[in-house]
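>>> Kindly generate the corresponding structure for this input.
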Amino acid sequence: MLSERQELILEIAVDAYLKTGTPVGSKAIAERAGFDWGASTVRAELAALERGGFLVQPHTSAGRVPTDAGYRRYADSLIESGARRPAGSAPTMAGIAQARREVEDALRETTAALAQANDLLALATAPPVSTAAIHRVEVLLLQPRVVAVVAIADNGDVAKRVFTFAAPVDPGLVEWASSFLNERLTGLGIGSSMIAARLEDPELGDSEREFLSEIGAAVAELAEATPQQLYMDGTGRLFSASHAADIAHPDTVVSALEGRVSVLSVLRSALRERSVFLCIGEENPEPALRSVSMVGAGYGLGYRNLGAVGVVGPLRMDYAKAIDSVREAAGELSRLFATVYEG
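Okay, here's the model as predicted:
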């Protein structure tokens, strides 16, 4: 367990390295304004932090640089403290809240905003259909013989069908169908074998049964949605000249991003977390991604996470900004879901 002094020195060392990219020595830390420990004391603590695996000395006469464990300790302290960047310095995600109601557009806008704010690669996953349930079904009479059925899942997927009948449709039948479908289907999993059974009722009249038989296909289309989509923005930023020297194996990272399976696997870990999720360097279960770090957070409807959003960058990234902006983006997406799909 680290002492308070060691925690502070580690924080200063990591913060300085993030800013400069050069090894941090004891003299630079000791000369820090308001710091009352001498260089010899700082040297002793840096040596202890090195023995603990939090720092490493590239060569004998150099200062120290953070290890994966050092980055992890630093990032965890940011999350635990709940510290936010000073007002005005954090990238704003306010524009995301005004994203169009379609979740697809919101996810694209989120990744674009995150990539620009952090100058890194940004990612977001749409909820897989296997986790979704039917949220609402709307049956609308557009014209005397034209009926629209809109089926909405709680993961944002929407299936819309327009049906044209040979004769005018009774408005009362349309209103009844909306109530009946919502009463019978709300909360059922997409693709559930119970859907067909729920639409059967021996007390239904012929006209009601025939009408349900016609429009039921719109609900079934929800199960045909893409299993899980991954949105990415900022690949060029991640491999720009400003980050190139900090990513040891760019080719393997590019391959992993192109394959997408590895990235989706890591982002799924965020779905199990109630706070910001970090995967730093060698912690990554995907070998191809062990030269980068990922900061992610789940978003959803409060009672469960449905998808995840995050950024990927070099080990030497601005963790404070990444944590702050990812947390805010996840919150905005959650509020969007609550407004659109529970409102």
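
>>> count of residues packed around Ile195?
Neighbourhood size, Ile195 [other Cβ atoms under 10 Å]: 19. All C-beta spots, glycine's among them, are computed from the backbone N, C-alpha and C.

>>> can you check the one 10 residues further on too?
Gly205 sits with 10 neighbouring residues when counted by other Cβ under 10 Å.

>>> How far does stretch 237-246 sit from its chain's centre?
How far stretch 237-246 lies from its chain's middle: 22 Å, per Cα atoms, centre = their mean, to the nearest Å.

>>> for stretch 150-169, same thing?
29 Å.

>>> got it, and stretch 45-61?
Counting by Cα atoms, centre = their mean, stretch 45-61 is centred 34 Å from the centre of its parent chain.

>>> Please apply the same query to stretch 308-326.
With Cα atoms, centre = their mean, you get 11 Å for stretch 308-326.

>>> What is the end-to-end distance of it?
10 Å (Cα to Cα, to the nearest Å).

>>> how is this protein carved up into domains?
4-66, 90-127+228-342, 130-224 (automatic domain parsing).

>>> How far off centre is the longest one?
Read it as domain 90-127+228-342. Worked out by Cα atoms, centre = their mean, domain 90-127+228-342 lies 5 Å from the chain centre.

>>> what are the ranges of the strands in the stretch 151-300 of the chain?
Taking DSSP state E, counting those that start in this stretch as the criterion, the stretch 151-300 of the chain carries its strands at 158-164, 230-233, 277-280, 292-300.

>>> now the domains of the chain as CSV including distance to Tyr74 and mean pLDDT?
Listed next are those as CSV, based on distance: least, Cβ to Cβ, whole Å; pLDDT from 0 to 100:
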stretch, distance to Tyr74, mean pLDDT
domain 4-66, 4, 86
domain 90-127+228-342, 7, 82
domain 130-224, 33, 82
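
>>> Can you tell me which of those domains is most buried?
Comparing those by mean neighbour count (mean count of other Cβ atoms under 10 Å), domain 90-127+228-342 comes out on top with a mean of 19.

>>> For the longest helix seen in the chain, which helices and strands make contact with it?
Counting residues, the longest helix found in the chain (DSSP state H) is helix 319-342. If contacts are counted by 3 or more Cβ pairs under 8 Å, 6 or more residues apart in numbering; DSSP states H and E, helix 319-342 sits against helix 68-81, helix 94-97, helix 103-118, strand 134-143, strand 292-300, strand 305-314.

>>> quick one, the fifth one and helix 103-118 angle?
To tie it back to what came earlier, the one meant is strand 292-300. Angle, strand 292-300 to helix 103-118, by axes from the mean of the first three to the mean of the last three Cα atoms, to 10 degrees: 140 degrees.

>>> Would you mind getting the angle between strand 292-300 and helix 68-81?
30 degrees.

>>> Identify the neighbouring strands of strand 292-300 in the sheet and state each direction.
Partners of strand 292-300 in the sheet, by DSSP bridges, are strand 277-280 (antiparallel), strand 305-314 (antiparallel).

>>> Same list, the ones you listed, but as JSON lines with distance to Gly331 please.
Formatted as JSON lines, the strands paired with strand 292-300 follow (distance: least, Cβ to Cβ, whole Å):
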{"stretch": "strand 277-280", "distance to Gly331": "14"}
{"stretch": "strand 305-314", "distance to Gly331": "10"}
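
>>> Can you say which of those is nearest to His249?
Nearest to His249, of all the strands paired with strand 292-300, is strand 305-314, at 11.2 Å by Cβ to Cβ.

>>> Run the angle between that closest one and helix 319-342 for me.
160 degrees.

>>> Nearest to Val149, out of the helices and strands packed on helix 319-342?
The nearest among the helices and strands packed on helix 319-342, by Cβ to Cβ, is strand 134-143 at 5.4 Å.

>>> For Gly187, give me its contacts.
Taking Cβ atoms under 8 Å, 6 or more residues apart in numbering, we find Gly187 in contact with 133-134.

>>> and with 10 Å instead?
If you count contacts by Cβ atoms under 10 Å, 6 or more residues apart in numbering, Gly187 has them with 133-135, 154.

>>> What distance do you get for it to Ile195?
11 Å (Cβ to Cβ, to the nearest Å).

>>> Identify the contacts common to those two.
Ile134.

>>> For the nearest residue to Thr252 once chain neighbours are set aside, give its distance to Thr67.
Excluding the flanking residues, the one nearest Thr252 by Cβ to Cβ, 6 or more residues apart in numbering is Ala288, at 4.3 Å. Using Cβ to Cβ, one obtains 20 Å as the distance from Ala288 to Thr67.

>>> now Val147
63 Å.

>>> Over to Val219?
According to Cβ to Cβ, Val219 and Thr67 sit 53 Å apart.

>>> Pick out the residue nearest the middle of this protein.
Of all residues in the chain, the one closest to the mean position by Cα atoms, centre = their mean is Val309, 1.5 Å from it.
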